[in-house]
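Q: Let's see this in three dimensions:
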Amino acid sequence: MPQWLEIMLRTVCAVIVLFLMTKALGKRQVTQLSFFEYLTGITIGSLAAYISLDLEANWYLGLIALGVWVLCSLLIEYSQMKSKKIRDFVEFKATVLIKDGKLLEENMKKERLTSDDLMQQLRKKDIFQIADVEFAIMEPSGDITVLQKRDTLPVTPKDLGVKIAPEKMPQAVIMDGKILDEPLRVMGYSQSWLRDELDKQGVKLKDVYFAQVDTFGGLTIDLYDDQMQQPQNQERALLFANLKKCQADLELFSLSTKDKAAKKMYEESAKEMARILQEVKPILNT
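A: Residues are numbered from 1 along each chain as shown. Sure thing, here's the model as predicted:
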């Protein structure tokens, strides 16, 4: 057999085996490597190259070595799942870098982390002052987790006492100009509803590159032609404006009437309308 053909067959075989074994190791092998998994990844790559190019050696010996490494990695991962002591031995422990807004220099030296490196990581999380940090912890993966002080956090609807309706994950309902039926069913809508929404916005299906439905039934559209002007759907804004007008009318009626019973009714109705507006504002006023 010609050498070039043998190398081609060995490489194809190595790719297939490497893919299957990497799948067996799971997603964490790719996205969140531990120290041992990092070593395993390097070794598996070297063994795959050995299988492909070392024509003087038996290729199946490389496959055996590859299988042993993968088996060892799986056994260690299984042991880590069963024992915290093994996890602590194989992986690094989390290290506190900032506590109560103060740097812990000894821990930073232990992790070989400079203040510049730490500030860079904090800036990626939109934090520019160490004094704003309650805790910063370096995880075993090397990521830095930050807990800001409560008085520096942005105000949330919960802080204001505003109730927000639970959200569903937005679904893509049109891709490449084609309607996706399954996401539509997940959101509780039909093709006829989607076509009506497109008509309201003056858009044809063939012009739509991508469309997504959010929790509240809002349809976001991206057109093939980026220069084409797309009218915005103002239904929610108009509904919110009409509700505000109703509240203003009720308050005006309560001020203009001299009948005590009617005045009380209008005042109570205006207060109830204000309460309803507060609840629907996060949904309609977007």
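
Q: CA only for contacts and neighbour counts going forward, please
A: Fine.

Q: Neighbours of I221, how many?
A: 21 (other C-alpha atoms under 10 Å).

Q: go on, V173?
A: 25.

Q: I'd say it and L184 touch.
A: Yes: in terms of C-alpha atoms under 8 Å, V173 counts as a neighbour of L184; the distance is 5.9 Å.

Q: where do the contact lists of these two overlap?
A: Shared contacts of V173 and L184 (C-alpha atoms under 8 Å, 6 or more residues apart in numbering): none.

Q: Mind checking what secondary structure F128 has?
A: Secondary structure state of F128, per DSSP: H, G, I helix; E, B strand; the rest coil, is coil.

Q: and the nearest residue to it once chain neighbours are set aside, what element?
A: Nearest non-adjacent residue to F128, counting by C-alpha to C-alpha, 6 or more residues apart in numbering: L122, 6.7 Å away. Assigned by DSSP states H and E, L122 belongs to helix 115-124.

Q: residues of that helix that come out buried?
A: Residues of helix 115-124 classed as buried by neighbour count (16 or more other C-alpha atoms under 10 Å): L118, Q121, L122.

Q: now swap in stretch 66-84 and tell me
A: The neighbour-count criterion (16+ other C-alpha under 10 Å) identifies L66, G67, W69, V70, S73, L74, I76, E77, Q80 as the buried residues of stretch 66-84.

Q: Return the set of buried residues in the one helix or strand W193 maps to.
A: In this assignment (DSSP H and E), W193 forms part of helix 191-200. Within helix 191-200, the residues that count as buried by 16+ other C-alpha under 10 Å are L194, E197, L198.

Q: who's in contact with the second one?
A: So the one you mean is E197. Applying C-alpha under 8 Å, 6+ apart, we find E197 in contact with L219.

Q: In a strand, C246, correct?
A: No: counting by three-state DSSP, C246 is not part of a strand but helix.

Q: For it, grab the count of nearby residues.
A: C246 is flanked by 16 other residues according to other C-alpha under 10 Å.

Q: Next up, the contacts around it.
A: Neighbouring residues of C246 by C-alpha under 8 Å, 6+ apart: M273.

Q: How much space separates it from Q80?
A: Distance, C246 to Q80, using C-alpha to C-alpha, to the nearest Å: 63 Å.

Q: and Y209, helix, strand or coil?
A: Under three-state DSSP, the three-state class of Y209 is strand.

Q: how many neighbours does R275 have?
A: With other C-alpha under 10 Å as criterion, R275 counts 11.

Q: Give the residue spans of the stretch 151-286 of the chain that score low on pLDDT.
A: Along the stretch 151-286 of the chain, the model assigns pLDDT under 70 to residues 157, 159-160, 162-167, 226-237, 283-286.

Q: Only C-alpha atoms, please: export the helix holding L122 in CSV.
A: Taking only C-alpha atoms (Å, rounded to 0.1, in the frame of the first residue of the first chain), the coordinates of helix 115-124 have been written out as CSV:
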residue,chain,number,x,y,z
SER,A,115,-3.4,43.0,40.5
ASP,A,116,-3.5,43.9,36.9
ASP,A,117,-4.8,40.5,35.9
LEU,A,118,-7.4,40.7,38.6
MET,A,119,-8.6,44.2,37.6
GLN,A,120,-8.8,43.0,34.0
GLN,A,121,-11.1,40.2,35.1
LEU,A,122,-13.2,42.6,37.2
ARG,A,123,-13.6,45.1,34.3
LYS,A,124,-15.0,42.3,32.1
